[in-house]
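[1] everything below, folded, please.
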Amino acid sequence: MDIGLCMTVKDEANTIEECLEGIVDLFAEVIVFDTGSTDGTVELLKDRFNIDALPRTISRELCNSVAPVRNEGYGLLKTPWVLCLDADERIARDDLKKIIEWPNDNGPGGYFSAWVTVLPNGYVIEDYKLGLFRKGFEKRGLVHENAQPSLREAGATAEWTDAFEILHKPEKPKLAVKNEYYSWRLDQAIEMDPKWIRYYWFRGILHERMGDSALARKDFIRAFGSRSKQFPVECLNAGMALAGQLAREGDREGALNVTRDAFAFHDEMAGDFEVTVNFRLKPWFERTLAHLEDGNLDHVVPYDFAHGRPSRSQ
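    Numbers count the residues shown, from 1 in each chain. Okay, the predicted model is just below:
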């Protein structure tokens with residue numbers, strides 16, 4: 001498998017070396033865009049890895065989205081496969097070597113793998129990411145963009161693989177400033193494209209993290225109520241979060257109704273490739289139904305996400 005690496009960076013001098021060390025030579029092609037570093041990132045890339053980072057500008061009018069830059073990079077790559085890594089992510093050399101041994105022409109449109117976030121305090125959150133996909137697909141959305149909508153529109157699928165995992169190690173100083181920044185970006189994105197249901201889910205968990213449950217609920221209801229087939233996992237996540245809110249308030253019937261509705265939507269969307277690989281949702285709904293039927297509301301606790309971390313995982 002011929003894989004090209006595409007990265008978009010800004011002020012990553014503290015992380016980029018650990019990200020690329022030991023793997024950069026395995027890629028058939030590497031493209032790095034820099035969107036305005038002032039900390040020596042560009043010089044480090046050149047001196048340490050002989051990579052000429054290409055300067056690009058992101059637009060405030062597009063919510064500072066990096067999707068256009070990323071997609072430009074995917075288009076420039078000549079390789080049939082694209083690996084997406086951020087500077088604070090890691091993939092093991094041995095795992096990457098395994099993937100390279102796969103054929104180019106067989107398989108699905110992309111591969112999901114484990115995405116394991118380790119916060120600065122050591123708290124671990126397990127999730128998944130579509131980090132490897134075929135050339136021709138692109139990231140969609142202005143905030144928290146991903147490639148799943150592009151695959152769905154093309155009628156393509158993605159599968160799970162245990163051959164590699166992506167380790168995510170966010171920097172503590174950057175975590176401290178993300179809340180307000182992403183709140184502004186999500187507000188602007190929703191104003192520009194109110195039908196992109198994914199935004200409501202992310203804004204909801206951001207409101208929840210910032211302690212505004214009332215605003216969070218509005219976004220969860222908007223996302224869950226949409227029953228969007230374009231964003232089924234986001235809808236189900238919102239249903240889980242909404243059930244958790246209702247349970248905390250002692251509303252057993254409300255939490256039961258939401259959980260049953262979400263479970264029914266899960267069954268309806270069971271054939272979707274992302275719903276299929278989501279290893280946490282169905283077990284959570286099954287356990288939650290049992291807890292609610294037994295009246296154990298204090299056991300209804302949504303699991304953590306790397307984005308919108310609850311206060312206990314700070």
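[2] please make it C-alpha for all contacts and neighbour counts, starting now.
    OK.
[3] let's see the pLDDT reported for R209.
    Per-residue pLDDT puts R209 at 88.
[4] again, but for Y181
    In this model, Y181 carries a pLDDT of 87.
[5] also N121?
    So N121 comes in at 89 (pLDDT).
[6] any stretches of this protein with poor pLDDT?
    Along the chain, segments meeting pLDDT under 70 span 173-177, 307-314.
[7] please redo it, this time with the cut-off set to 80
    106, 172-179, 306-314 (pLDDT under 80).
[8] what element comes up after the longest helix anywhere in it heading to the C-terminus?
    Taking DSSP state H as the criterion, the chain has its longest helix at helix 172-192. The element immediately downstream of helix 172-192 (helix or strand, assigned by DSSP states H and E) is helix 198-209.
[9] which residues does the residue nearest to A241 when sequence neighbours are not counted contact?
    If the residues on either side of it in the chain are set aside, A241 comes closest to P302, at 6.0 Å by Cα to Cα, 6 or more residues apart in numbering. Contacts for P302 (Cα atoms under 8 Å, 6 or more residues apart in numbering) come out as 240-241, 244, 284.
[10] the strands in the chain, which residues?
    3-9, 29-34, 54-55, 81-84, 89-90, 110-118, 124-134, 158-168 (DSSP state E).
[11] nearest to D261, of the ones you listed?
    Nearest to D261, of all those, is strand 124-134, at 23.5 Å by Cα to Cα.
[12] how far off centre is the closest one?
    7 Å (Cα atoms, centre = their mean, to the nearest Å).
[13] just want the angle from that strand to strand 158-168.
    On the basis of axes from the mean of the first three to the mean of the last three Cα atoms, to 10 degrees, strand 124-134 is oriented at 130 degrees to strand 158-168.
[14] give me the buried positions along strand 124-134.
    124-134 (16 or more other Cα atoms under 10 Å).
[15] for stretch 192-201, same thing?
    196-201.
[16] tell me which of the buried residues of strand 124-134 is nearest to A163?
    Looking across these and measuring by Cα to Cα, the closest to A163 is L132, at 11.7 Å.
[17] can you tell me the closest non-neighbouring residue to that closest one?
    Per Cα to Cα, 6+ apart, closest to L132 is L83, 4.6 Å.
[18] surely the one you found and G131 touch.
    Yes. Using Cα atoms under 8 Å, L83 is in contact with G131, at 5.7 Å.
[19] what about P302, distance to W284?
    Between P302 and W284 the distance is 8 Å, computed by Cα to Cα, to the nearest Å.
[20] kindly report the same for K218.
    22 Å.
[21] next one: Y200
    21 Å.
[22] also T38?
    From T38 to W284 the distance is 44 Å (Cα to Cα).
[23] which of the two has more residues huddled nearby?
    W284 (17 against 12; other Cα atoms under 10 Å).
[24] which neighbouring residues are in contact with that one, exactly?
    P302.
[25] do the same with A214
    A214 neighbours (Cα under 8 Å, 6+ apart): none.
[26] neighbours of R260, how many?
    Around R260 there are 18 residues (other Cα under 10 Å).
[27] my error: substitute L77 in the last question.
    For L77, using other Cα under 10 Å, the count is 19.
[28] correct me, but it touches G4?
    Yes. Judged on Cα under 8 Å, L77 makes contact with G4 at a distance of 6.4 Å.
[29] overlap of the contact sets of the two?
    By Cα under 8 Å, 6+ apart, the residues touching both L77 and G4 are 29-31.
[30] from L297, how far out is H207?
    22 Å.
[31] and E234, by the same measure?
    23 Å.
[32] same question, F285
    13 Å.
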